[in-house]
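Peer 1: Sequence plus the predicted model coming up.
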Amino acid sequence: MERMSGSKPWERSRPAVRAGGAPVEKSGGALHGAGAAAEAQPSPSADDAGWSALAGLTGAPAEGATGRSGSAAEERSRPAARLLRLLLRRYGLAGAEEGRLLEAACAEHAWSSLEAEAALEALARSGDAQVRARFWGERIVHVPEADALALLQREFPAQAEPLPLQQGVRELPGGASTRLLSRVLLGAAAQLARDGFAVTAKGRLHRKLCRSLEEELRLPEEGLSLLRLPPAWTLEYEPPLALALDLMAEHGWLSASGEGWLLDGERLRGWLERPMLQRESSLLRALTRRALRKGPSEAAAASATAGLEPDRWYRIRELEQAASVRGEPEAAQRCLRAWLELLRSCGWAELAETHDGEPVLRMQLAFDGQDGETADCEPLLAQPGGELWAASWSDYRAIWLLELVAERGELRELTSYRLTPRSLARLGQGGDGSGLASLLEQACGCPLPAATLGAIREWTASSEAVAAGGAERVRAFAAESGEDKFWAGCMGLLPQPAATPAGAAAARGQLRQACAQAEDPFGLQQLPAAEPTRQGRTELERSRPGLPAAWCEKPRRYHASTALQLLESALRIGLPVELSTAEGRHIFVPERVEREPGGGWTAGGRFRDSGGCPAGAGKLDSADKAALRLLLPR
Amino acid sequence: MLKRSSGPLVVQADGTVLLDESHPAAEEAREALGRFAELVKRPGTLHHYRIGPLPVWNAASQGMTAEQMLEPLRRHARYPVPAALAEQIRQWVGRCGGLELRSGREGALLLVGEQALLEELPEPFFQSHAARRTEQGWELPADRRGELKRELLRLGLPVKDRAGYRAGESLDIRLRGELAGGRSFELRDYQAEAVDRFCREDGAGGSGVVVLPCGAGKTVVGAAALARLGQATLVLTSGSTSVRQWKRELLEKTTLRESDIGEYTGDLKQIRPVTVASYQIVAHGKGASGARADGGHFDLFGSRDWGLIIYDEVHLLPAPVFRLTAELQATRRLGLTATLVREDGRAEDVFSLIGPKLYELPWRTLERQGWIAGVRCRELRVPLCDSIAERYERADRKTKLRLASSNPAKLEAVNRVLGAHPDRPALIIGQYLDQLHALGQALEAPVLCGSTPAPEREELFRRFNAGELRRLVVSRVANFAVDLPDASLAVQVSGTFGSRQEEAQRIGRLLRPKADGMPSLFYTVVSAGTKETEFALKRQLFMVEQGYAYETIGPETAERGWSG
């Protein structure tokens, strides 16, 4: 019996890091919980727990496979949980082909195939993962999307600790952004709406408009690369615009119509009327959802910030550690940095450093939104020079109006909107502008300065009403509307489509396709549910009567030919083998058995981390004198 | 911006600060902000301030730290103060005084300070100043002191000047404890503090600017500084009238005798231990444009061993005097002003060549303490007279202002204002002589302008102060240093474009506390709907910055009483 490396596994020194579900202290970190240790190799008793998952299978309980206490640490060390962690860490929401997942589990945990199968069965039974079958028979194991974040947080509970409240930090220039994603998105939607969602014959937005929108959106490329967006958008548009369109479609602002796309005013209004922090939180969740879908590392990064308490500073180093245990460490850390920058650029997070120079982050809003938040808005500020100032806390319906009728300055604490001949002309309203003035006065809550009124009158009159009957549509809409005259007036400002563009059908198709892709990004929901594989169990049931009872009772030393038969049976059924030597008891999972001339043999496989020795590849041969026993499930 | 409170300030990363005038805490925030920010416009209820390096350096020179500037911003800010701005303020403050000028060997200068800052300076900079590196720092010739300071400031490195000052000719002078007529006299607390700051021996004093409102006794501060130092002094002031006023003040408040004080004006060229000269004669007098060697009036600076130069109305300091001042950095320099705003953008030169702001007291504070009178301001908008409306429409930009300013309809408005306040001694102040003469004629009031001979001016002032004259029409010559303590109503009919300091100085004529304790009234008559209204808004910025509000009214309400 020897290790591939040349030394016996139990003779190797103890690994630097090993724990069986106990908290692991990381250098300099303050991680809590068992997440960091979740993937550490189990103790000899823990690996036996694999069999407890095979409840219902017949056979004698394996020696040492005693019942386990239900403590949380032990619970997480159960094979099903370990398989779930593997699924999350390595495959993410896209899931994995069943066979590949089981192979990976066997390789990672030195499980036998039957053990891995049992773990999958238990996992599927718990509902934490689902198995779906493609029509050609391939089975996909995946976690339900709705549970993904909760599962990540449950299975890898490593969580950073906030800095003490009294600990000050040094703010960094550029550490916070005033460009809230909601404002940027609203600006883009207004630009599209003003443009009437005009599309080319191929159903694509015009290139010039796309460029303008991309400039407007200005989101970091690296951050956007963390998001999974519907290919229907990304194939046609650059990531910033693809994201904006995806969000608009998700919120229902974009709907398919005879003319291609149509702005759904009611859905938009519903969003605009939401309280500020709830609106932002919903966007944060939307981006997080897209990151979870993208891949394990992206999901690890996004989930690391999801549980953070708002208004508290966290060390980025600890967030990196939290992300590292949920994905491939290096990739997860890289993704985390890009994710934090994305959060910052959306105006949701602030970056700073402690006085000893350590980078820290503070979320400015709660992931789940603010309870009891009311829509307490600040009024617009009308300046005599014709400028109108809006804060992020201003009524978003009023901001929508400004986005339609005025030219916006840089998005800042107070953003300036200026009514200009150009901005009014592009509305194509005509008339005396009184309808528009009335809307603006409602938005400001006070009469407009005389200069502003004069300018509206003059500039509106000089612009040509572009659509038939377009003059003063605002007033007409407002008059028709029963309840919300203001909103009706705002909608009246939008251009009326003159004719169905050639690309309307393509645009509609693209929107529908994008919505479908967003709804079911991996096409899993359409697949029928399936049972996990029972191949190993079937083989066990079939072979069990033929197995000598002595092989399963206690470890015995056998003649080389008998030992060969025992190992071949273990390999065929997918069972682990217990070895008993003078040094102790060990678990060996055979992966291949080769007969040699003269009655000799060699068995290659894996030693499981047991008896104080780490796992590793190894082999037995006919000269070995260890006592053997087949480990059967209970 | 997801965080907010209910403060009156919106602080933006580019240094713009918006003050919501209608907020209950606006006054408190304005007072705090005024110490290190400058009001740039006030288009409506939102006043736009800008935090820039110079106001910050001036505040830092008075001992304010970056945190003391940031604290009120944070306290009053509606949204979090951007870190970029906070960092910028810290940097500005950190750079202010990071370099220091000391006296080196054999009269040379030594530039020392933080290595990082010194390394920012390019090699050619030192070469151009004939500097050489020593163990202590960079050694430079003494005559580079002014130019070096000016250039360092331009590079964003205001240097602390600790190179010391030469002692001038000694002078026996004290402040009087009792004035003529037996009135006791002593410095007010703020005057004493201003003098203390200027005369500090720790190296921080010796040059700088004291900013006090009109009527707060800046001349007394100058006289007290002179008395404290006891050295021959050159006083530069705005015109011959103020030269005489300085002389009177010095004779009244100090133990100097008539023979100790020289007047250096167009009429008299006396050089005595204390000499008072006008900027006009120094900068633009005969020979002034040439080098000093040609015997021009620049020789005045070298004519005695001056231990102190006082620059009265330092905001008016003309360019030639700046040039000369750059060469006089070893002499103590005291700047006095009510409005440290340079319309010509040379505020940096005042900072580097005269010195940083050493002391400032807000106008409102002095008003509350009763040292200056309260004043209420109204902008009276009158329609453009039909007779010039058509010309106005066709005119170019400059002529438009001229036409709007000289709007004949203003006469009726002035009449109404004067009629509404018949008991108040009134000044009618304007820019254009033909307009002023027309007003003088219509109002039957004398007109005082640049061409009015000095004795006649003195007589007009005397009659006005004695109550013999109730109305006086004055040109811009009365903008500064004219002491008309009883004037309690001023009607401004025209002015120099958007000059903030001119507006403030004109209002300053009304600030002497009145016997009846009533506030003074200031009307600015503006042609509605013309360029003049834009300039008027700009002119009012300094006063608004000081916490004064302008009420805008129409001609029909000119007689209306004042609210509040």
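Peer 2: Ah, there it is. Residues are numbered from 1 along each chain as shown, chains lettered A, B, ... in the order given.

Peer 1: What count of nearby residues applies to residue A:595?
Peer 2: Residues lying near residue A:595 (other Cβ atoms under 10 Å in any protein chain shown) number 13. For the C-beta atoms, the positions are set from N, CA and C on the backbone; glycine is no exception.

Peer 1: so what's it bridging to?
Peer 2: residue A:601 (DSSP bridges).

Peer 1: could you pull out the strands for the stretch 401-550 of chain A?
Peer 2: Secondary structure of the stretch 401-550 of chain A, counting by DSSP state E, counting those that start in this stretch: strands at A:407-408, A:414-418.

Peer 1: so how far is the longest one from its chain's centroid?
Peer 2: On the basis of Cα atoms, centre = their mean, to the nearest Å, strand A:414-418 is displaced by 35 Å from the centre of the chain it belongs to.

Peer 1: Give me the residues contacting that strand.
Peer 2: By Cβ atoms under 8 Å, 6 or more residues apart in numbering or on different chains, the list of residues contacting strand A:414-418 from outside reads A:183, A:381, A:386-391, A:402-403, A:406-409, B:10, B:12, B:18.

Peer 1: 10 Å instead?
Peer 2: Where contact means Cβ atoms under 10 Å, 6 or more residues apart in numbering or on different chains, the residues beyond strand A:414-418 that reach it are A:178-179, A:183, A:187, A:378, A:380-381, A:383, A:385-392, A:394, A:399, A:401-403, A:405-410, A:423, A:440, A:455, B:1, B:10-12, B:16, B:18, B:20, B:46, B:78-79.

Peer 1: if we can go back for a sec, out of the strands of the stretch 401-550 of chain A, indicate the one that is most buried.
Peer 2: strand A:414-418 (a mean of 20; mean count of other Cβ atoms under 10 Å in any protein chain shown).

Peer 1: Let me know the average pLDDT across that strand.
Peer 2: For strand A:414-418, the mean per-residue pLDDT is 91.

Peer 1: mind saving the C-alpha coords of it as PDB?
Peer 2: Extracted C-alpha coordinates of strand A:414-418, given in PDB (Å, rounded to 0.1, in the frame of the first residue of the first chain):
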ATOM      1  CA  LEU A 414     -28.400  69.500  -7.100                       C
ATOM      2  CA  THR A 415     -28.700  69.000 -10.800                       C
ATOM      3  CA  SER A 416     -29.400  71.900 -13.000                       C
ATOM      4  CA  TYR A 417     -32.000  71.700 -15.900                       C
ATOM      5  CA  ARG A 418     -32.100  74.500 -18.300                       C
END
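
Peer 1: Chain B against chain A: which residues are in contact?
Peer 2: B:1-4, B:6, B:9-14, B:16, B:18, B:20, B:22, B:41-46, B:48, B:77-88, B:90-91, B:529, B:534, B:537 (Cβ under 10 Å from any Cβ of the partner chain).

Peer 1: now those residues: which count as buried?
Peer 2: Those of the residues of chain B next to chain A that meet the buried threshold are B:1-4, B:9-13, B:16, B:18, B:20, B:41-46, B:48, B:77-88, B:90-91, B:537, by 16 or more other Cβ atoms under 10 Å in any protein chain shown.

Peer 1: can you list the residues of the stretch 451-600 of chain A near chain B?
Peer 2: Contact residues (Cβ under 10 Å from any Cβ) of the stretch 451-600 of chain A with chain B: residue A:451.

Peer 1: Name all residues that make contact with residue A:622.
Peer 2: Residue A:622 neighbours (Cβ under 10 Å, 6+ apart): A:559-561, A:563-564, A:595-596, A:598-603.

Peer 1: Please apply the same query to residue A:335.
Peer 2: A:222-223, A:225-226, A:291, A:294-302, A:304, A:323, A:327-328.

Peer 1: Please check the residues you listed and keep the buried ones.
Peer 2: Judged by 16+ other Cβ under 10 Å, buried ones among the contacts of residue A:335: A:223, A:226, A:291, A:294-302, A:304, A:323, A:327-328.

Peer 1: Show me the strands in the stretch 201-350 of chain A, by range?
Peer 2: Under DSSP E, counting those that start in this stretch, the stretch 201-350 of chain A gives strands at A:254-257, A:260-263, A:313-315, A:349-354.

Peer 1: what's around the closest residue to chain B within the stretch 451-600 of chain A, how many residues?
Peer 2: The minimum distance from the stretch 451-600 of chain A to chain B, using Cβ to the nearest Cβ, falls at residue A:451 (9.5 Å). Residues within reach of residue A:451, counting by other Cβ under 10 Å, total 13.

Peer 1: can you tell me how far it sits from residue A:459?
Peer 2: Going from residue A:451 to residue A:459 by Cβ to Cβ, to the nearest Å gives 12 Å.

Peer 1: Give me the common contacts of those two.
Peer 2: Residues touching both residue A:451 and residue A:459 (Cβ under 10 Å, 6+ apart): residue A:386.

Peer 1: buried stuff in stretch A:250-262?
Peer 2: Buried residues in stretch A:250-262, defined by neighbour count with 16+ other Cβ under 10 Å: A:250, A:251, A:253, A:254, A:256, A:257, A:259, A:260, A:261, A:262.

Peer 1: now the nearest residue to the fifth one once chain neighbours are set aside: how far from residue A:564?
Peer 2: Computed as Cβ to Cβ, 6 or more residues apart in numbering or on different chains, the closest residue to residue A:256 that is not its neighbour in sequence is residue A:508, at 4.2 Å. Between residue A:508 and residue A:564 the computed distance is 68 Å (Cβ to Cβ).

Peer 1: same thing with residue A:92?
Peer 2: Distance from residue A:92 to residue A:564, by Cβ to Cβ: 42 Å.

Peer 1: cool, and residue A:262?
Peer 2: 74 Å.

Peer 1: can you give me the mean pLDDT across the helix or strand containing residue B:28?
Peer 2: Element membership of residue B:28 [criterion: DSSP states H and E] is helix B:26-33. Averaged across helix B:26-33, pLDDT comes to 91.

Peer 1: Same question for the helix or strand that comes right after that helix: list its buried residues.
Peer 2: Sequence order places strand B:38-41 as the next helix or strand after helix B:26-33, per DSSP H and E. Under the neighbour-count criterion of 16+ other Cβ under 10 Å, strand B:38-41 has B:38, B:39, B:41 buried.

Peer 1: and if you look at stretch B:162-172?
Peer 2: Buried residues in stretch B:162-172 (16+ other Cβ under 10 Å): B:162, B:163, B:165, B:168, B:171.

Peer 1: so what's the first one closest to, chain neighbours aside?
Peer 2: Setting aside the residues directly before and after it, residue B:162 is nearest to residue B:203 in space (Cβ to Cβ, 6+ apart), at 4.0 Å.

Peer 1: The one you found: neighbour count?
Peer 2: The number of residues near residue B:203, taken as other Cβ under 10 Å, comes to 15.

Peer 1: low-confidence ranges in the stretch 51-200 of chain B?
Peer 2: Across the stretch 51-200 of chain B, nothing is flagged by pLDDT under 70.

Peer 1: Apply 80 and report the result again.
Peer 2: B:136 (pLDDT under 80).

Peer 1: just the helices in it please.
Peer 2: With DSSP state H, counting those that start in this stretch applied, the stretch 51-200 of chain B shows helices at B:53-61, B:66-76, B:83-95, B:115-120, B:123-128, B:145-154, B:189-198, listed in chain order.

Peer 1: And the residue nearest the centre of the chain?
Peer 2: Looking at chain A here, since you left the chain open. The centroid of chain A falls nearest to residue A:292 when counting by Cα atoms, centre = their mean (1.2 Å).

Peer 1: oops, chain B please
Peer 2: residue B:339 (2.7 Å).

Peer 1: From residue B:283, how far off is it?
Peer 2: Using Cβ to Cβ, we find residue B:339 at a distance of 20 Å from residue B:283.

Peer 1: How about residue B:545?
Peer 2: Per Cβ to Cβ, residue B:545 is found 29 Å from residue B:283.
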